[in-house]
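Participant: kindly generate the corresponding structure for this input.
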Amino acid sequence: MRKASLAKAKAGLSALVDEAEHHKKGTLILRHGKPAAAIVPVEVAMPPKPRLSDVEIERLFAGLGAAAPQESAVDDLLSARR
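Facilitator: Prediction:
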């Protein structure tokens, strides 16, 4: 990860964001010579959420179909209004 002073980062912010977005290179921002912040690719800051497997999805839908409600959701909502 390269380093840049806060003044240089402010002057070249667009280029630093392009480096992170297109080249997956991060930049450590220094304030008074000490690390203060970082510009990193979005995948680093927000990793993708794990996805359910096909088997897990099938189990989920099978479980939904197995439970037969005594009354519909609409009836339940309407009864709460009275």
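
Participant: CA atoms for contacts and neighbours, from now on please.
Facilitator: Fine.

Participant: CA-only coordinates of the helix or strand harbouring Ala80 in CSV, if you can.
Facilitator: Using DSSP states H and E, Ala80 sits within helix 73-81. The C-alpha atoms that make up helix 73-81 are tabulated as CSV, following Å, rounded to 0.1, in the frame of the first residue of the first chain:
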residue,chain,number,x,y,z
ALA,A,73,-51.3,-12.5,7.4
VAL,A,74,-54.0,-10.1,6.1
ASP,A,75,-56.5,-11.4,8.6
ASP,A,76,-53.9,-11.1,11.4
LEU,A,77,-53.2,-7.5,10.5
LEU,A,78,-56.9,-6.6,10.3
SER,A,79,-57.7,-8.2,13.6
ALA,A,80,-55.0,-6.1,15.3
ARG,A,81,-56.7,-2.9,14.0
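
Participant: avg pLDDT for it?
Facilitator: Across helix 73-81, the average pLDDT comes to 78.

Participant: and it, how far from the chain's centre?
Facilitator: Between the centre of helix 73-81 and the centre of its chain there are 35 Å (Cα atoms, centre = their mean, to the nearest Å).
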